[in-house]
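# Sequence and predicted structure, then a few things I'm wondering about:
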Amino acid sequence: MAAKSAALKLDWVKVTSSLGLRGQTVASLQAFKQRNENARRKVQALSEQPTTVDFAHYRSILKNRAVVDEIEKRFAAFKPATYDVARQLKAIEAFEVEAVKNAQATKEKVDLELKDLQATLTNIETARPFDQLTVDDVAAAEPSIDQKTAQLVSKGRWTVPGYKEHFGDLSVL
């Protein structure tokens, strides 16, 4: 009974949000939740159905009482099938292990991404405004700019291809 009440009290949205789950892990968890809810509804519907049959009532309204006797005999002899749920429990345990492994992998990826984003944010916050940068600052930050400029000048080119099309002709100012 404890497992039944725990399943009812579980806040599925809070589980996915508090653990920071994503992708396949969330999809698997939602599929598991859906199967759980469907099974619970079926059990509830079946438990509400009457389990006794009034054979005397059917004998009184049917002309062929031998059919009712035959059905009653088979009903009394019926033994419900029992199922070994160990296989399903093992599958659930395997799912749980896989879900935990996926959650850990997702958490590690998210932590790395957060670390990178925090470093980027710190870099942005501590950067000087663009209008305060000098040509030497830009060249120090990206040495390939000096190399590309030296290459263009050595070939006798004094303008960057596509500059005028993109930024306009500044010589007319």
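It's in.
# CA atoms for contacts and neighbours, from now on please.
Fine.
# neighbours around residue 149, how many?
Look at residue 149: counted by other Cα atoms under 10 Å, it has 15 neighbours.
# Just the element for it, please.
Following DSSP states H and E, one finds residue 149 within helix 143-154.
# Flag every buried residue along that helix.
Within helix 143-154, no residue counts as buried by 16 or more other Cα atoms under 10 Å.
# How far does the helix or strand just after that helix sit from its chain's centre?
Downstream of helix 143-154, the first helix or strand assigned by DSSP H and E is helix 163-167. Taking Cα atoms, centre = their mean, to the nearest Å, one finds helix 163-167 lying 45 Å from the centre of the chain it belongs to.
# Find the centremost residue of this protein, please.
Computing the C-alpha centroid of the chain and ranking residues by Cα atoms, centre = their mean puts residue 26 first, at 2.4 Å.
# Neighbours of the residue nearest to that one when sequence neighbours are not counted, how many?
Excluding the flanking residues, the one nearest residue 26 by Cα to Cα, 6 or more residues apart in numbering is residue 16, at 6.7 Å. By other Cα under 10 Å, 16 other residues sit near residue 16.
# Tell me the pLDDT of residue 16.
If you check residue 16, the pLDDT there is 73.
# returning to that earlier point: which stretch of helix or strand covers the residue nearest to the centre of the chain?
According to DSSP H and E, residue 26 maps onto helix 23-48.
# returning to what we had before: the residue nearest to residue 26 contacts residue 27, doesn't it?
No. Counting by Cα atoms under 8 Å, residue 16 sits too far from residue 27 to count as a contact (10.2 Å).
# Specify the local secondary structure of residue 53.
In the three-state summary, residue 53 is assigned as coil, counting by DSSP: H, G, I helix; E, B strand; the rest coil.
# so where's this structure shaky on pLDDT?
Applying pLDDT under 70 to the chain picks out residues 1-8, 170-173.
# Against which helices or strands is the helix or strand where the residue nearest to residue 26 lies packed?
Per DSSP H and E: residue 16 is located in helix 12-19. Helices and strands touching helix 12-19, as assessed by 3 or more Cα pairs under 8 Å, 6 or more residues apart in numbering; DSSP states H and E, are absent.
# residues of it that come out buried?
Using 16+ other Cα under 10 Å as the test for burial, helix 12-19 gives residue 16.
# Outside of it itself, list whatever touches it.
Under the criterion Cα atoms under 8 Å, 6 or more residues apart in numbering, residues 22, 26, 33, 103, 107 lie in contact with helix 12-19.
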